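K.L.:
Here is a sequence together with a model predicted from it:
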Amino acid sequence: ADWEEISALRPGGNYGWPDREGPCRRHSTTDCSSSNYSDPVYWYRHSSEGSAVVGGAFIPKNSGWPVSGYLFADFVLGKIFLIRENSESTCRYCHPPVPSWSNVTFAANTPRPVDLLFGSGSLYYTVRKGRWNVRRIRYMGGSNRAPIAVAKCNITAAEISNNTTNNKVINTNTEPPVTIQFDASDSYDPEDDPLTYHWDFGDGNSIENIPNRESSDRSPIMKFDQRGRYEITLTVTDTATGFTDTDFIILQVGILPEVRMISPEEGKEFAVGDVIPLKGTQLPITL
C-alpha cells in the first residue's frame, strides 16, 4: 500500500478498490490519471506524515468549540488531524496529485489511536497503548460552553453500549402497544442559560397530540404501536448562543427471543487448528 484516503460515500459510488488506492492505481504513485472512479476527498502518501488512517468523527457546528469539521487520526503517527477545504491548492494532475482538502494537526501525542467519537461536547478516542485506553479532549475556553443533553425514559436501561459514550439500549420486554414517558430534565447548561428541547422518535409510530412524531416538550409521552428497534434522539439548544448537544436512546419494542448456545460448551478447551462447530437455538416467544 502507498496511499491513505478519506472518501465521502454516496449511493452507487465506485471508489476503485482494488484497482485504485488514493488518487492512483494501486501500488503506484505515478499512474494517477483521472478515471470513472470517484476520487477520495483527501489522501496522503505513506511517509513520515503517517501510514494508517483511522476514521473519524465530526465536530458539529454549534457545539461550542471554536472549530467544526471532520477529524481523523493516523495510527502509526499517533496524531489527530482536522481536514479543511483548500481548493486553491488542489492540483489533480500534479505528480503526485494534491487534494482539494488539507489537514492541520488537531492533537499530538495520541499514541496508536483506533477510534474517535464526538459527543456531549467532548471528543473521545481510544488507543492501543498503555493505560487509560479511552481518552477525552474537552474545549475549556470561551465564555459560554455548550449544553449537555441527557435522555431518559421510564424504563430502566438494559444495556449500555460499549463503543459509545451515552447510547442506551432499552428493551420494553412487553408487546405493543406500549406508552412510554421520556425525560430530558437531567440536561443542563454550564452557565444555566435556558434550554429548548427537541425529541425525534423515528418512523412508524404515533405520538399523542404531537404531529410528525416529534416533540418540543421536556418530558413527552410516546405511544409505540409496532414491534421494532427505534432510535430516539434528543437535541437540546442553549437559547443564549445556539450551541447544541444530542443524546440517544435505542428502544427495542417487543419481547426479545431467548437464545441459547449449544456448541461450544462453556469452559471447553481448544487448541490452534481445532475445528469447532457452532450451534445454537432460539426458544419460542410466549405471549
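P.N.:
Received it, and whenever you're ready, just let me know what you need. Numbers count the residues shown, from 1 in each chain.
K.L.:
CA atoms for contacts and neighbours, from now on please.
P.N.:
Will do.
K.L.:
Run through the strands of the stretch 151-287 of the chain in chain order.
P.N.:
Counting by DSSP state E, counting those that start in this stretch, the stretch 151-287 of the chain has strands at residues 152-153, 159-160, 168-171, 178-183, 195-200, 206-207, 214-215, 221-224, 228-238, 244-253, 258-263, 279-283.
K.L.:
Can you lay out the ones you listed as CSV showing distance to residue 137 and mean neighbour count?
P.N.:
Shown next, in CSV, are these (distance: least, Cα to Cα, whole Å; neighbours: other Cα atoms under 10 Å):
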stretch, distance to residue 137, mean neighbour count
strand 152-153, 25, 18
strand 159-160, 22, 14
strand 168-171, 22, 20
strand 178-183, 28, 16
strand 195-200, 24, 19
strand 206-207, 38, 18
strand 214-215, 32, 20
strand 221-224, 35, 18
strand 228-238, 21, 21
strand 244-253, 16, 22
strand 258-263, 40, 11
strand 279-283, 43, 10
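K.L.:
quick one: which of those is nearest residue 120?
P.N.:
Nearest to residue 120 among these is strand 244-253 (6.0 Å), distances taken as Cα to Cα.
K.L.:
Just checking, which helix or strand of this protein averages the lowest pLDDT?
P.N.:
Among the helices and strands of the chain, strand 159-160 carries the lowest confidence by mean pLDDT, DSSP states H and E, at a mean of 38.
K.L.:
need the strands of the stretch 151-287 of the chain in a markdown table with distance to residue 189, can you?
P.N.:
Below are these laid out as a markdown table (distance: least, Cα to Cα, whole Å):
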| stretch | distance to residue 189 |
| --- | --- |
| strand 152-153 | 17 |
| strand 159-160 | 24 |
| strand 168-171 | 21 |
| strand 178-183 | 16 |
| strand 195-200 | 7 |
| strand 206-207 | 27 |
| strand 214-215 | 20 |
| strand 221-224 | 24 |
| strand 228-238 | 7 |
| strand 244-253 | 10 |
| strand 258-263 | 42 |
| strand 279-283 | 46 |
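K.L.:
Where among those strands is average confidence lowest?
P.N.:
With a mean of 38, strand 159-160 has the lowest mean pLDDT of these.
K.L.:
what about the helices in the chain?
P.N.:
With DSSP state H as the criterion, the chain has no helices.
K.L.:
remind me which residues of the stretch 51-200 of the chain are low pLDDT?
P.N.:
For the stretch 51-200 of the chain, applying pLDDT under 70 flags the ranges 130-132, 156-167.
K.L.:
residues contacting residue 59?
P.N.:
Contacts for residue 59 (Cα atoms under 8 Å, 6 or more residues apart in numbering) come out as 65, 67, 68, 69, 70, 71, 118.
K.L.:
swap the cut-off to 7 Å and go again
P.N.:
Contacts for residue 59 (Cα atoms under 7 Å, 6 or more residues apart in numbering) come out as 68, 69, 70, 118.
K.L.:
pretty sure the first one contacts residue 62?
P.N.:
No. Using Cα atoms under 7 Å as the test, residue 68 is too far from residue 62 to be in contact (8.4 Å).
K.L.:
Can you tell me, leaving aside adjacent residues, what's nearest to residue 101?
P.N.:
Among residues not flanking residue 101 along the chain, residue 85 sits closest, at 4.3 Å (Cα to Cα, 6 or more residues apart in numbering).
K.L.:
ok, now how distant is that neighbour from residue 128?
P.N.:
30 Å (Cα to Cα, to the nearest Å).
K.L.:
again with residue 150
P.N.:
In terms of Cα to Cα, residue 150 sits 29 Å off from residue 128.
K.L.:
In terms of pLDDT, where does the closest residue to residue 264 other than its chain neighbours sit?
P.N.:
Spatial nearest neighbour of residue 264, chain neighbours left out: residue 278 (6.2 Å); criterion: Cα to Cα, 6+ apart. pLDDT for residue 278: 92.
K.L.:
Begin at 780, not 1, for the rest of this chat.
P.N.:
With 780 as the first residue, the last one maps to residue 1057.
K.L.:
and residue 787, what is it in contact with?
P.N.:
Counting by Cα under 7 Å, 6+ apart, residue 787 touches 819, 820.
K.L.:
Tell me if I'm right that residue 782 and residue 821 touch.
P.N.:
No. Using Cα under 7 Å, residue 782 makes no contact with residue 821, being 10.4 Å away.
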